[in-house]
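Trainee: below are the sequence and a predicted model; questions follow.
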Amino acid sequence: MMLLIYLPEFSARSEYVFNLIFKYESGIKYHVTTDLTEFQNYSDEKMNYSSSRIGNEFFIKSSSLLFEKEITKQEFKVGQKDQITILFPNNEDDLGFDIFSAVFYLVSRYEEYLPFTADEFGRFKAEDSLAFKNNFLHLPVVNIWIKIFQEALQNKNPSLKIIPTSFETILTYDIDVAYKYSGRSFGRTIGSVAKDLLSFNFKNFPERIQNLSKSKKDVWDIYNNLKIAILKNELKSVFFFLLSDKTRHDRNLNYENQAMRNLVNKIQGFSEIGIHPSFYSSIFPEKIVIEKERLENLSAKQITKSRQHYLKFILPDTYNSLFAAGITEDYSMGFSKMPGFRAGTCKPFYFYDLKKEKATGLKIFPITFMEGTLMNQLKPEDALQKVFELLKEVKSVGGNFIPLWHNHTISETKKYIAWKNVHDKMIQEILFTLNAL
């Protein structure tokens, strides 16, 4: 069954959001017409997206957003429908709000193209987002809206078949510092020991000696445990490697280090891998190409997945630089200081460049939370509850649950053992959720 959609005029924005809602999230074949006579004579399922109703068709009253070709501050109301926050509300159509403009505004990250005051690292702040200000950052509202829309559309067009998406999870890990002690040069190790002694910091000394003598593996070497969990439970995963030159914010092992080469080869034996472009890559995009090539040389494979270090990116420049470098999947869409849904969605979507007014081939995989965010705000037991709540929200809309962890935070050190338990219980809940489907 082909759904016919009437538009007063074609636009790149409407094509993008129609593909997102109908093609990717609903499995609905559709055709767009600007010919009013064609629309009126069409006898099968149809929908009108314009400023006024034509007949008895399913009608969504349009705002001007999808037909504009500039980036300006948008003045729109925020309302409520079925206890869910909505954007562009109205009392004149069959849904009660302009879902297409609402989805486009959030998923395109429209507000991040407007002037804003950046945080200390040059990032758009979570507390400045529309989602935070209106208390829906913790909800995948885009996906909730689409479910409401699907139900209303199908009630009006009962023969229309909708194919819903299914819940998935992708475990993701950033390898900012591969090991606490291993893989460092003799000079760097002696320097670290001297620094500890001069500052009377003796707590690392026994671990360092054990590591140097090979009597105990490195405390941040958690990779075998992850390998077992991932392979045993057939879980999808991606490990992102930081391979930059050393800076204040980039402190991993040298990319030429044999320990790093061995680790990359080990992990790609049981997981997908990706590059973790360095802190300054959003300012100097040539670093993306250099660092990606380093990982390709280490792994002997083409690298197409990426996540920005510090979740630091500038729209649209960083995403365009990633795509130009051969990256087709990015996992940076999330806030570093708050869990939740930065783009309002927990499902992959293609990046739309507002400055060029066109959809791109870069697929964005929104993260659900970063563990460091929870560690800075909550006790482990409260953080676990928050993880379960987010997992439940993602499952309810058939989305992708994508947590972000670092290797050191799931180590068995005294500092992190409670957080390792949160991670392990998260995996147990994921498996319970998948088995219940």
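Mentor: On my side now, so go ahead.
Trainee: what comes up buried for stretch 92-109?
Mentor: 93-109 (16 or more other Cβ atoms under 10 Å). In short, each C-beta sits where N, CA and C put it, glycine included.
Trainee: neighbouring contacts of the helix or strand where Q40 lies?
Mentor: Assigned by DSSP states H and E, Q40 falls within helix 36-41. The contact list for helix 36-41 (Cβ atoms under 8 Å, 6 or more residues apart in numbering) reads 4, 6, 33, 46, 48, 54-55, 57.
Trainee: just the buried residues of the residues you listed.
Mentor: Judged by 16+ other Cβ under 10 Å, buried ones among the contacts of helix 36-41: 4, 6, 46, 48, 57.
Trainee: quick one on the thing from earlier: restricted to strands, list the contacts of helix 36-41.
Mentor: 4, 6, 33, 46, 48 (DSSP state E).
Trainee: of those residues, closest to N407?
Mentor: L4 (52.0 Å; Cβ to Cβ).
Trainee: before we move on, back to that, starting at the chain centroid, how far to the helix holding Q40?
Mentor: Put simply, helix 36-41 sits 41 Å off its chain's centre (Cα atoms, centre = their mean, to the nearest Å).
Trainee: and what of stretch 68-86?
Mentor: So, by Cα atoms, centre = their mean, the centroid of stretch 68-86 is 22 Å from its chain's centroid.
Trainee: for G361, helix, strand, or coil?
Mentor: strand (DSSP: H, G, I helix; E, B strand; the rest coil).
Trainee: can you report how many residues lie near P8?
Mentor: Here the number of neighbours of P8 (other Cβ atoms under 10 Å) works out to 14.
Trainee: where does F239 land in three-state SS?
Mentor: strand.
Trainee: touching, it and G274? I think so.
Mentor: Yes - under the criterion of Cβ atoms under 8 Å, F239 makes contact with G274 at 7.3 Å.
Trainee: shared neighbours of the two, anything?
Mentor: Joint contacts of F239 and G274 (Cβ under 8 Å, 6+ apart) do not exist.
Trainee: which stretches of the stretch 101-250 of the chain form helices?
Mentor: 130-133, 141-156, 186-198, 205-212, 223-232 (DSSP state H, counting those that start in this stretch).
Trainee: which stretch in those has the least confidence?
Mentor: The stretch with the lowest mean pLDDT among those is helix 186-198, at a mean of 55.
Trainee: for the stretch 251-400 of the chain, just list every one of the strands.
Mentor: Along the stretch 251-400 of the chain, counting by DSSP state E, counting those that start in this stretch, strands occupy 272-275, 305-306, 329-330, 349-353, 358-364, 369-370, 400-401.
Trainee: thanks a lot, see you next time.
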